[in-house]
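# Below are the sequence and a predicted model for it; my questions follow.
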Amino acid sequence: MNPEISAAAFRWAFQEANGLEPLVLPDVEVIDSLEADIDTLRDALRGALWTRVEEQRAGDEAERFVVWPIDGVQVNFFFGWGAPIEFDFDLREIVDDEAVNGLLRLFRLVSSALGKDVIVRAEGDQGGPPVLHIDSGTGDIVLSPLS
């Protein structure tokens, strides 16, 4: 288990090297996830004790599974997109250490439920370096600031 990550360190990690404010919806991906993993993850999310869960199945592309791991922090899973499994959250909702801890608990649950690493990149930075990496084997979290 890693030492705790503060909300300030978490938000700062997404800060661009040039000092610009980051885009607010970081992209989260389950590495090497398959469409077959979606039901396993959905079941794991339903079985956890979150503040709130909502499911929208309006069509393949619009299918969304929304989890609030802690009051004030919303995480959107886009199961209708297929593989790899992707989701996002809003950096503006990470206002204190409790919010970070709730989010990290969710990331660890996703990683352990599927036995796959989870990475978080800056919004729109597909293929860029991960800012956060959750190791599925150990549960360790590595925070790698962009700047």
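Good, I have the coordinates. Numbering: from 1, shown residues only.

# for the protein, what spans make up the strands?
For the chain, strands defined by DSSP state E occupy the ranges 27-30, 52-56, 64-70, 73-77, 86-89, 118-121, 132-134, 141-143.

# so E63 makes contact with N76?
No - look at E63 against N76 with Cβ atoms under 8 Å: they stay out of range, at 11.0 Å. All C-beta spots, glycine's among them, are computed from the backbone N, C-alpha and C.

# looking at it, D90 is touching L25, isn't it?
Yes - contact criterion Cβ under 8 Å: D90 and L25 qualify, at 6.0 Å.

# what's the burial count for F65?
The tally of other residues near F65 (other Cβ atoms under 10 Å) stands at 21.

# I'd assumed R42 was in contact with it.
Yes - judged on Cβ under 8 Å, F65 makes contact with R42 at a distance of 6.2 Å.

# Now do the shared contacts for those two.
F79 (Cβ atoms under 8 Å, 6 or more residues apart in numbering).

# For this structure, name the helix or strand with the lowest mean pLDDT.
When each helix and strand of the chain is scored by mean pLDDT, DSSP states H and E, strand 52-56 comes last, with a mean of 71.
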